[in-house]
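**Q** Could you look at this predicted model? Sequence included:
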Amino acid sequence: MIVEKFIPPHPLKTPVLFLIFKRLDTTKQVFEQIKKAKPPRLYIAADGPRDYVEGEAEKVKAAREYVLSNIDWNCEVKTLFREKNLGCGKAVSQAIAWFFENEEHGIILEDDTVPSQSFFWFCEELLNRYKDEKKVWHIGGTNFQDGIIRGNGDYYFSALNHIWGWASWADRWKYYDFKLEKISDDSFLKKIFKSSKEYKYWKSIFEKMKSDKPIDTWDYQWTFTMWFNGGLAVLPNVNMVSNIGFCEDATHTKIENELSNKQKYELLIVKHPASVERNVTADEYTFKNHYAQGPIILKIINKLKRFLR
């Protein structure tokens, strides 16, 4: 149920991992929402600057100093600040691993994913509800259904684990396979996607990630690991996180599109789905309207360009 003003039902108990780099303007906007939520434990991770990018070291330092100097609530703070640049794939995946080495579950936000306040409690409630339901691997905050309500609950289950603001459990993340060494072939994709177009789309990405020159990222590996293990994601029936990072200074999302700067809403969970079953219709809609010829393709192109420089 959408509400105009969200009033937290109780103090937040769930820890937050905040992934930052060099974009101070977007970092400030995300951190303002974290400050309001007041997580009891805050983990801050940042990759190191690239030596060949002029002025990047100063930007990285400014982002780190801003966050540390503006923590104005009582919380435990842990940092993982890299001196050398590891790249998006290793830096982020290793930061998440570090987070889950210390916590049983938690919320992950990047420096360009601005959540609504209710997003934190949405994640907390569902982390507790589905902690022992091994079919559920991921709780996302974004919605790409363009106003269409899926199912009869305030959220639905999907094979698509959107990572613009999400949460999970350490006992799911432990299966994460950065090099996809445990997945020998793409047969698991055929079980998920009945459409040849969808299957070929994901097969091409899987093959790229298994190649000698994989894309420098971490999220496709998380998606494939979840699928290989039969996992599903929770997605809200309204959008709860706005990605404000579509710009030239971004690592991957450089071109604005219909998914950038989406309006976010405050959502109260008043009704849960009756069962943990994938909404195939919703996933097919996302693929047809946003993946097949949309921003995900642009994301891949932008990533590939980095290897050609």
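**A** Arrived safely.
**Q** for residue 279, what are its contacts?
**A** Neighbour list for residue 279: 150, 151, 156, 157, 158 [criterion: Cβ atoms under 8 Å, 6 or more residues apart in numbering]. The C-beta positions use only the backbone N, C-alpha and C, and glycine is treated the same way.
**Q** Which two among the residues you listed are spaced furthest apart?
**A** Comparing all pairs in those by Cβ to Cβ, the longest separation belongs to 151 and 158, at 10.6 Å.
**Q** Could you check which of those two is surrounded by more residues?
**A** Neighbour count, other Cβ atoms under 10 Å: between residue 151 and residue 158, residue 158 has more, with 23 against 18.
**Q** how much space between that one and residue 190?
**A** With distances defined as Cβ to Cβ, to the nearest Å, the gap from residue 158 to residue 190 amounts to 18 Å.
**Q** And residue 109, by the same measure?
**A** As defined by Cβ to Cβ, residue 109 lies at a distance of 34 Å from residue 190.
**Q** Between the two, point out the one with more neighbours.
**A** Relative neighbour count places residue 109 above the other of residue 109 and residue 190, with 25 against 12, counting by other Cβ under 10 Å.
**Q** Using the three-state scheme, assign the more buried one.
**A** Classification of residue 109 by DSSP: H, G, I helix; E, B strand; the rest coil places it in strand.
**Q** surely it meets residue 30?
**A** Yes - counting by Cβ atoms under 8 Å, a contact exists between residue 109 and residue 30, whose distance comes to 5.8 Å.
**Q** quick one: common contacting residues for the two?
**A** A shared contact of residue 109 and residue 30, defined by Cβ under 8 Å, 6+ apart, is any residue touching both; here these are 18, 115.
**Q** Name the spans of the stretch 201-309 of the chain whose pLDDT lies under the cut-off.
**A** Confidence mapping of the stretch 201-309 of the chain against pLDDT under 70 gives the ranges 246-260, 293-309.
**Q** residue boundaries of the helices in it?
**A** Assigned by DSSP state H, counting those that start in this stretch, the helices in the stretch 201-309 of the chain fall at 219-228, 280-286, 295-308.
**Q** still on that earlier bit, quick check, nearest of the contacts of residue 279 to residue 96?
**A** Using Cβ to Cβ, the shortest approach to residue 96 within the contacts of residue 279 belongs to residue 158, at 20.2 Å.
**Q** Good, we can wrap up now.
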